[in-house]
Every structure is written in structure tokens, then in C-alpha cells.
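Undergrad: Requesting a structural model of the entry that follows:
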Amino acid sequence: MTEGPAGLAALHLDALYEREGTTLHRVRSTDVPTPLVHLLRTPEGNHWLISAAVPPSIRARLEALFAAEPVLPLDAYESTPPESLDAARRLLDGASREHRGPAFAFPAEPSAIRSAPPGYTIDVLQASVAFDAALGLEWVAEAKPHEQPLVVARAPDGRIVAV
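TA: As a prediction, this is how the structure comes out:
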């Protein structure tokens, strides 16, 4: 396995999708529609998947766009949309649905989530919540839990161990 961000990117994409190289076949273990493209940026380079449903001529043009996408430092991802975004949308006939942020969705009912280890709790947050900045979760302040609830796991002492 590759070390560093590239290795983590590959693990991330493999966890989310059934894929072959840069061809995206389907989302794993869910009824969520398969996206047409997935662009994942790391400080070492960009990684992309393009749905098998995208015609080869459009696929080649998308790959050229994504290959030219600048590599950004980690702290710039959230504030810097991909330069290729508008051109990719045009190639995909104006597809405008976009998702940024956590890649996993959970059921709205906490009881539908697998139980936590003894002493740990899982809460589904549907209202804004404050987090200690030392946790590195500043993005939570901008989250919209009323639109897509956040799932928080807490250790027995109340510390947040996963969002």
C-alpha cells in the first residue's frame, strides 16, 4: 500500500466506490446514485474517478481538465473550488449537483446506526453545536445539521472521538 495522502486517497475511494482504475462503477453498499465524477484533492496530487456511464469522448476531455487541476495545500481545499468545475459541468450537460465534505451519510434515526462499544455513545445532531477548536473541527461551525445531520461518537468521558 502507498504511504501518505496518495495511499489514504486510494483507501478513501475504495471505501466509497466499486471502481477499476479511474472508472467509477457504483457507490458501495447504498442506494445513493453513482456520481458522474469524483475529484479528490491531496497535497501530493489530485485523484479522480469518472463514471462508466460517461461517454469516452467526454471522459477524455474530463481527464484532461482534472489532470490540469492545480495541486493545493491542505488548508486551501475548502475555500478554493476546482478550476475545472464550470468546464466539467458544461461537458456533463450542466450537471450542477455537488457535494463537498464528509463522504458518508447515515440514517436520520440514531437507532439505525450500529451500536457503539460499551461506554461510548452515538448522537445524531440536528442543530448547531460548538466544538473545541483544538479538535480541528472548525468546519463543523459552518455545517448545516438541519439539512444533513451530523453523527457524533463520544468516548465514555464525553470526548468527541468521531464526527
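Undergrad: list the contacts for R41?
TA: Residues in contact with R41 (C-beta atoms under 8 Å, 6 or more residues apart in numbering) are 47, 69, 71-72, 77, 82. C-beta coordinates here come from the backbone N, C-alpha and C atoms, glycine included.
Undergrad: need these in a markdown table with secondary structure and distance to D14, can you?
TA: Shown next, in a markdown table, are these (DSSP: H, G, I helix; E, B strand; the rest coil; distance: C-beta to C-beta, whole Å):
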| residue | secondary structure | distance to D14 |
| --- | --- | --- |
| H47 | strand | 11 |
| E69 | coil | 21 |
| V71 | coil | 21 |
| L72 | coil | 23 |
| Y77 | coil | 20 |
| P82 | coil | 22 |
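Undergrad: and H12, which of the three is it?
TA: Following DSSP: H, G, I helix; E, B strand; the rest coil, we place H12 in the helix state.
Undergrad: do the same with the one 3 residues further on
TA: Using three-state DSSP, the structure places A15 in helix.
Undergrad: Tell me the buried residues within the contacts of R41.
TA: Buried members of those, counted by 16 or more other C-beta atoms under 10 Å: 47, 69, 82.
Undergrad: Give me the phi and psi for the last one.
TA: What it means is P82. phi -60, psi 140 (degrees, to the nearest 10).
Undergrad: pretty sure it is touching A68, no?
TA: No - P82 lies out of contact with A68 (C-beta atoms under 8 Å); the separation is 10.4 Å.
Undergrad: low pLDDT regions in this structure?
TA: Within the chain, the ranges that satisfy pLDDT under 70 run 1-5, 29-30, 78, 96, 99-117, 124-150, 163.
Undergrad: Walking through it, point out its strands one by one.
TA: Remark: strands assigned in the chain by DSSP state E are 17-20, 23-27, 37-42, 45-51, 121-125, 150-154, 160-162.
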